[in-house]
Each structure stands twice: as C-alpha cells, then as structure tokens.
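Enquirer: Pasting the sequence and the predicted coordinates here, then a few questions.
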Amino acid sequence: MAEHDLLLGERIKSRREQIGLSQKALADRVGFSAHQTVSQIESGQRDVKAWELAKLAQALHVSIVELLGATEPVGTPTVLWRKQPGENKEIREAEFLERCRQYAFLESLVGSEAYRPFPYRDVKPSGLGWNEARDLGQEMWRQLGLGDRPAKALVSVLEEQYGVKIWYADLGAECSAACVVGDFGPAILMNREEAPWRRNFNFGHELLHLITWKSFSSNEPGTIHTLTDSMDRLANAFASSLLLPSDLMISEFERRLHDRKISYVDLINLAREFDVSSEALLWRLVTLRRMDQGIVESLLADERFRNLDCSSMPGKWWAPPPMPERFVRLAFVAYQKAKLSKTRLAELLGVSLPDLQSTLMEYGLDETADYDTTVSAAA
C-alpha cells in the first residue's frame, strides 16, 4: 500500500463524510458498480485512475488539486439559511460553495473583478432595532442607486456592480434562500420555484445578512446561526424599506387617492408596479402611517380583495434558468478568449459536449460566431 494512496483515500473519506454522503451514494455518483470500490479507495487498497479522480472530485464538490494535497484545503464558510433544508443540507451547501468559487474563477479569467467595494456595515447586535433596520434599508436604496422601482434593479446592481454571486436552485417548499461570504465574496442562493415578487423580497432580506455579515460572524463559531431568529424580522423590515422607500411610496400612494380613499385595484396595481406582494405593500403602508392596521387585516381577509389580487398575477410566472446568465456569459467569454477548453466549458455549464451548442443558444450565445473581430479606438 503506497503512502500517497492512503493519504488520497483519507482525503476522499474526510470530504465524503463532511458533506454527508454514504459510500454507496458516492459510488452511485461516480459510476462505480459497488460501494466496496469506494471503501477500497478510502483505505488505500486500490489505485485511482485519472478519470475516476476527476469524477470523485466532481461528486465531492472539491478540486482535484485539493484531493491530491497539492494545495491547502480551502476553508468552508458558514452558509446562513433562511429555514434550513430538511435533508441534503451539506450537499446543497457544497454545491453552492463550489459554484461560487467557479464564478470567482471565471471572473479572474476574463478580468471582471473590478467591482465597487461591497457596502458592509459595522453593526452591534444590541444596536439594531426596528427603526435602525428601516433606516439602513433606506440608506442602501440610495447608496445602491436602485431608482424608482428598486425590485427591478436590485439583482442586476448586486451582480454587475458589486460582484454578488447569485445562484438559483429548486429548494422545495421548506427553503426560501441562503447567503454566505467566502473567499469569493458575498453570495446568495435563491429558490427558483418561488414567485418573482417573493424572490424580490427575499433578496432584500438576504442583503441585510450580507452587509452585516462581518459584524455577526466575527464572534464565536456558530454565533451567526444563533442570531438568525432575532434578525429575521429585522431583515424583513430592512427589505420593506429597501424595496418600498418611504418618500417614493407616500408619493405614489397619495397620487392614487380620491377623497382620501383608494380602490382595491389601485392598491393591487401599486404592488405589481413595485414587484412585491400586496401583503408586503399593505404592511409597508401601515409602517408609513398611510393605512390603519385594522383596515389592512380586514383587507387581507376580504375574499374580493384576494380574488382581485390573484387575478392580477400571471398564471405561470417566469423562473430563472438553471445557470445564472452572467455566469454563462463569463464562461463563454473565457472560452472565446481561449482561456477555457470546450470540454471545460461544457463541464462548467453542466452539459455534455453534444448539448453544448444548444445550451449556449438558449442564452443567446453562438459557439460558431466570430466574437474576435476588433476595431480601432480613437487616437
């Protein structure tokens, strides 16, 4: 038994256990016919072929060089969940973190790392209350330059200007979102199955966790998890203020008043214009003292209002594609600049080589087009 085989086996076993995979589950992912093969590899009793090593790294969501011990293991940052998944939590986190590092890798290949400094805030846990959270949301709306329809601009601004890595996944009914800050920067994982107006609010919610990350994660390991429940409602207040800024909302609301009354239709249309739920809009109007809590509670219990609200929503809403468009674009640019092989491009996009062209076409990209034509700049 060679020492390097034993060390490799130990690293594979450690990583497998870290992400909660059984030997059988790993064998199935790699394509081994029996879990005993994994057992033999982990005990150093069997050599690992090159293709097997690549498959093992892929299944374990880790780099080949890390499995070989050619580099120091990358630390695993804590992922902060908004309601943790009931199962496969470790696998979901490993996939998310691997994707974030791939994203940062592509940015470095094409030179797209020159972002604005992310607006972290130094906040004392005891000093963050309802008013502070709302004020911070208003401040972020201004600083990010989200304009008069913040929800429509938020994701683009976070991705393009601040380098936030945004991924979507089918998280099921139990999960809405997660966020993390790692060596790749800040990142958000969003449930692609939820309605767009729900996702918009969740982006605002997660943004508070990201901008206060360094304040809450610098304490004892795990502290950030113990603070989640106490900050959850504050994050909602922050998101409401960020997406429905006070001056803008008051102006838009009062413009629709007639004899100090507003119609159901105008209220619902206002929510659709701002890409938030009608319930979120109504409670924001309560905090702005433009509607009474009792009236809002009656509205939300009114079947006529609920039916009108539902009828204003599309029967089938748009869901984000499996891969973020910006990630695909970066990978394609790296390929066009000969910094990625075609095989590696397909691997990053999670498709086979025969399916690569059709996948690129879905994102409006054409592998056969000539993107290298140049023009001269002005003297």
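Expert: Received the coordinates, thanks.
Enquirer: Looks to me like residue 180 is in a strand.
Expert: Yes: assigned with DSSP: H, G, I helix; E, B strand; the rest coil, residue 180 falls within a strand.
Enquirer: Return the per-residue confidence for the closest residue to it other than its chain neighbours.
Expert: Excluding its sequence neighbours, the residue lying closest to residue 180 (Cβ to Cβ, 6 or more residues apart in numbering) is residue 79, at 4.7 Å. Just so you know, the C-beta spots here come from the backbone N, C-alpha and C atoms, and that holds for glycine as well. We have a pLDDT of 91 for residue 79.
Enquirer: What's the separation between residue 79 and residue 268?
Expert: 36 Å (Cβ to Cβ, to the nearest Å).
Enquirer: so where's the stretch 151-300 of the chain uncertain?
Expert: Within the stretch 151-300 of the chain, the segments meeting pLDDT under 70 span 217-229.
Enquirer: what about the helices in it?
Expert: Here the stretch 151-300 of the chain has its helices, by DSSP state H, counting those that start in this stretch, at 196-211, 213-216, 223-226, 228-243, 246-255, 264-273, 278-287, 293-301.
Enquirer: circling back: who touches the residue nearest to residue 180 in this structure?
Expert: 93, 96-97, 178-180, 189 (Cβ atoms under 8 Å, 6 or more residues apart in numbering).
Enquirer: same thing with residue 208?
Expert: 133, 136-137, 231, 234-235, 238-239.
Enquirer: Relative to residue 352, which of the contacts of residue 79 is nearest.
Expert: Residue 352 lies nearest to residue 96 out of the contacts of residue 79, by Cβ to Cβ, at 23.1 Å.
Enquirer: isn't that closest one right up against residue 189?
Expert: Yes: between residue 96 and residue 189 there is a contact under Cβ atoms under 8 Å: 5.0 Å.
Enquirer: These two: which is more packed in?
Expert: Shown here are residue 96 and residue 189; by other Cβ atoms under 10 Å, residue 189 has more neighbours (28 against 21).
Enquirer: partners of that one in the sheet?
Expert: residue 167, residue 178 (DSSP bridges).
Enquirer: And it, how far from residue 341?
Expert: 28 Å.
Enquirer: Okay, domains of the chain per the record?
Expert: 3-67, 80-242, 246-311, 336-379 (automatic domain parsing).
Enquirer: Dump these to CSV, plus distance to residue 319.
Expert: As requested, the domains of the chain are exported to CSV (distance: least, Cβ to Cβ, whole Å):
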stretch, distance to residue 319
domain 3-67, 24
domain 80-242, 5
domain 246-311, 15
domain 336-379, 13
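Enquirer: Out of the ones you listed, the one nearest residue 318 is which?
Expert: Judging the domains of the chain by Cβ to Cβ, what sits closest to residue 318 is domain 80-242, at 6.4 Å.
Enquirer: Can you get me the start-to-end distance on that closest one?
Expert: 21 Å (Cα to Cα, to the nearest Å).
Enquirer: now swap in stretch 258-272 and tell me
Expert: Across stretch 258-272, first to last residue, Cα to Cα, it's 20 Å.
Enquirer: Pull the residues that contact it.
Expert: With Cβ under 8 Å, 6+ apart as the criterion, stretch 258-272 contacts 197, 252-253, 256, 277-278, 280-282, 299, 304-305, 308-309, 312.
Enquirer: Name the residues of it that are buried.
Expert: Going by neighbour count (16 or more other Cβ atoms under 10 Å), the buried part of stretch 258-272 is 262, 266-268, 270-271.
Enquirer: Ok, stretch 349-368 next?
Expert: Neighbour-count burial for stretch 349-368 flags 349, 351, 356, 359-360, 363, 365, 367 (criterion: 16+ other Cβ under 10 Å).
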